[in-house]
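[1] with the input below, show me the fold.
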Amino acid sequence: MREPYQNEPFTDFTISDRIDEFQEALRKVESELGKEYLIKIGADRIETTTKRRSINPSQTTQLVGIVSQADQALAHKAILAAAAAFDNWKRVAPSTRSRMLYKAAASLRRRKHEFSAWLVYEAGKSWAEADADTAETIDFMEYYGREMERLSERQPLVPYPGEDNEVFYIPLGVGVIIPPWNFPLAIMAGMTMAAIVAGNTVVLKPASATAVVAAKFIELLEEAGLPDGVVNFLPGSGTEIGDYLVEHPLTRFICFTGSREVGLRINERAATVQQDQKWIKRVVAEMGGKDTIIVDEDCDLDLAAEAITVSAFGYAGQKCSACSRAVVLEAVYDAVIAKVIERTKQLKVGKANELTSHIGPVIDERAYFSILKYIEVGRSEGTVVYGGSKGGNGGYFIEPTIIKDVEPYARIAQEEIFGPVLAFIRAANFEAAIDIANNTEYGLTGAIISRNRSKLEQAREQFHVGNLYFNRKCTGALVGVQPFGGFNMSGTNSKAGGRDYLLLFMQSKVVTERF
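    Numbering: from 1, shown residues only. This is a model prediction of the structure:
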């Protein structure tokens, strides 16, 4: 019997041997930068004339890789390859499919620093953020493998005289996996491996900004012995192939993580029944957040400041769970701001491959200019008390920016900025703070910093988010420990890394035999 699930430990980068090992991985990956990566459909590797250059956001003159781009004809071919592979893959025993995940996880564990180094170069992640991304990828595969084994066992039903009743789970069919760039290994792999361990086959359309990381993961799956056609690698423009994949009549489900706008479009397009379509398509979506940490007047102010700073500026605020709003009660408002500024001053903005960098670049030029525009909006909606400028040359660096005295319905208090921008909002009392926290269209994560048990219990009931944390940061959900997914426009509450997640990729069948 397989050992109980445990989270993969993070690397301790205060140990000199771990530092040396990671630096060696960075050197290895740097020597491999600039290579070409092809589309993979079934057993075929396909090079196209249309290619996309992936660059290092820390050093925009450095080429990470060149990736062939698919068109609609290749998208159709990929769907057909997945459909053909499904006939065999769905018959593979769940335990065998689970072993495939365990094998891939073991291989990734051996090459952990190497994959983290790819995240440093292509996604601009700091050492610690990259290491956490890779560890979470291992967690997803280990956890979902065990979950599939659990769900393949005989499920309990109420006994009925004279009959044998059985309920069991079967896969859906061909899925389209559309992951984000901000967790280009963990979320991409988690969505993909959940789908295939449940017996489905997929077309993986990676995020354009981080397609090389996805290509490396495809290589890992090949080495683990995954049959051709189970995962088809289809990089390409969302404009060119996105709608086509979603609308294809053989597409049975779409698993998406990304922006609200794209998620709603997928949901709308998937709801339209195409000619020869035989099912209602299932959409699993996580669509971002506008997350709040509430600071009560009765709390540990240092804990509050640390939680806000880490949640707001980890990975340059490019997490759907990032704290972009701190709602602080009047009595401690100024003190908390001062403590957050003090901590933020200690954060170094710099190239992600340097161990001393706490905050790396934002992902690309589009994000860079969008965030800078939001900072200018913030100058008219509050007072910039720290940062507010570009963070350096050579890459897409932006200073961590703190804006105080923001009104609850200001643009920077409502719209998802996805960058290192933190708005402070004053609350007259705890009830007002809860109202402010709930005033956006999102409902992903939030946190309460308080010593008052009655207020924590009030928040437990009234703070309407999918993941609520007491007296800690609002980022960093662990697989199996804090199943992750939000309410409202944050998505379908899919709870990745939880006991319900694999059920989204299967359907239950009941068989009754009369004695």
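[2] was I right to think A128 contacts F10?
    Yes. Taking Cβ atoms under 8 Å as the definition, A128 is a contact partner of F10 at 7.4 Å. For glycine as for every other residue, the C-beta is placed from the backbone atoms N, C-alpha and C.
[3] so these two - more neighbours on which side?
    A128 (17 against 12; other Cβ atoms under 10 Å).
[4] which strand or helix spans that one?
    Assessed by DSSP states H and E, A128 sits inside helix 127-152.
[5] ok, then the element right after that helix?
    The helix or strand immediately downstream of helix 127-152 is strand 163-171, counting by DSSP H and E.
[6] now the angle between helix 127-152 and that following strand, please.
    Using axes from the mean of the first three to the mean of the last three Cα atoms, to 10 degrees, the direction of strand 163-171 lies 150 degrees away from that of helix 127-152.
[7] mean confidence (pLDDT) on the helix holding A128, please.
    Mean pLDDT, helix 127-152: 98.
[8] what is that helix packed up against?
    Where contact means 3 or more Cβ pairs under 8 Å, 6 or more residues apart in numbering; DSSP states H and E, helix 127-152 is packed against helix 94-110, helix 112-123, strand 163-171, helix 186-197.
[9] quick one: it to chain centroid distance?
    Centroid separation for helix 127-152 versus its chain: 13 Å, with Cα atoms, centre = their mean, to the nearest Å.
[10] the inter-axis angle of that helix versus helix 186-197?
    Using the same axes, to 10 degrees: helix 127-152 against helix 186-197 is 20 degrees.
[11] now do the buried residues in helix 127-152.
    Using 16 or more other Cβ atoms under 10 Å as the test for burial, helix 127-152 gives 127-149, 151-152.
[12] one more: stretch 196-205?
    For stretch 196-205, using 16+ other Cβ under 10 Å, the buried residues are 196-205.
[13] could these be laid out in a markdown table, adding distance to Y315 and pLDDT?
    Output for these, formatted as a markdown table (distance: Cβ to Cβ, whole Å; pLDDT from 0 to 100):
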| residue | distance to Y315 | pLDDT |
| --- | --- | --- |
| I196 | 27 | 98 |
| V197 | 28 | 98 |
| A198 | 30 | 98 |
| G199 | 34 | 98 |
| N200 | 30 | 99 |
| T201 | 32 | 99 |
| V202 | 26 | 98 |
| V203 | 28 | 99 |
| L204 | 23 | 98 |
| K205 | 23 | 98 |
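[14] just the ones in strands from those residues, please.
    Residues of those located in strands (DSSP state E): 201-204.
[15] which member of the residues you listed is positioned nearest A305?
    Using Cβ to Cβ, L204 comes nearest to A305 of those, at 40.4 Å.
[16] report the contact partners of the closest one.
    Applying Cβ atoms under 8 Å, 6 or more residues apart in numbering, we find L204 in contact with 177, 179, 188, 192, 214, 218, 231-234.
[17] try V231
    Under the criterion of Cβ under 8 Å, 6+ apart, the neighbours of V231 are 192, 196, 201-202, 204, 218, 221.
[18] okay, those in a markdown table with distance to G476 next?
    Formatted as a markdown table, the contacts of V231 follow (distance: Cβ to Cβ, whole Å):
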| residue | distance to G476 |
| --- | --- |
| T192 | 22 |
| I196 | 26 |
| T201 | 32 |
| V202 | 27 |
| L204 | 26 |
| I218 | 27 |
| L221 | 27 |
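[19] of these, closest to E457?
    T192 (38.9 Å).
[20] surely that closest one is in contact with I177?
    Yes. Contact between T192 and I177 holds when scored by Cβ under 8 Å: they sit 5.1 Å apart.
[21] which residues do these two both contact?
    Counting by Cβ under 8 Å, 6+ apart, the shared contacts of T192 and I177 are 202, 204.
[22] now the strands: where do they sit in the stretch 351-500 of the chain?
    Ranges of strands in the stretch 351-500 of the chain, per DSSP state E, counting those that start in this stretch, are 383-386, 401-404, 421-427, 442-443, 445-449, 467-470, 487-488.
[23] contact partners for Q59?
    Residues in contact with Q59 (Cβ under 8 Å, 6+ apart) are 351, 394-395.
[24] related to what we said a few turns ago, out of the helices and strands packed on helix 127-152, nearest to W279?
    Per Cβ to Cβ, nearest to W279 of these: strand 163-171, 12.5 Å.
[25] quick one: low-confidence ranges for the stretch 1-150 of the chain?
    Along the stretch 1-150 of the chain, segments meeting pLDDT under 70 span 1.
[26] what sits against I294?
    I294 touches 327-328, 427, 430, 433-434, 437, 446-450, 459, 463, counting by Cβ under 8 Å, 6+ apart.
[27] which one of those sits closest to N165?
    Nearest to N165 among the contacts of I294, counting by Cβ to Cβ, is F463 at 41.2 Å.
[28] how many neighbours does the closest one have?
    Neighbour tally, F463, other Cβ under 10 Å: 19.
[29] swap in P227?
    Applying other Cβ under 10 Å, we find 17 residues neighbouring P227.
[30] need phi/psi at it.
    Main-chain torsions, P227, degrees, to the nearest 10: phi -60, psi 150.
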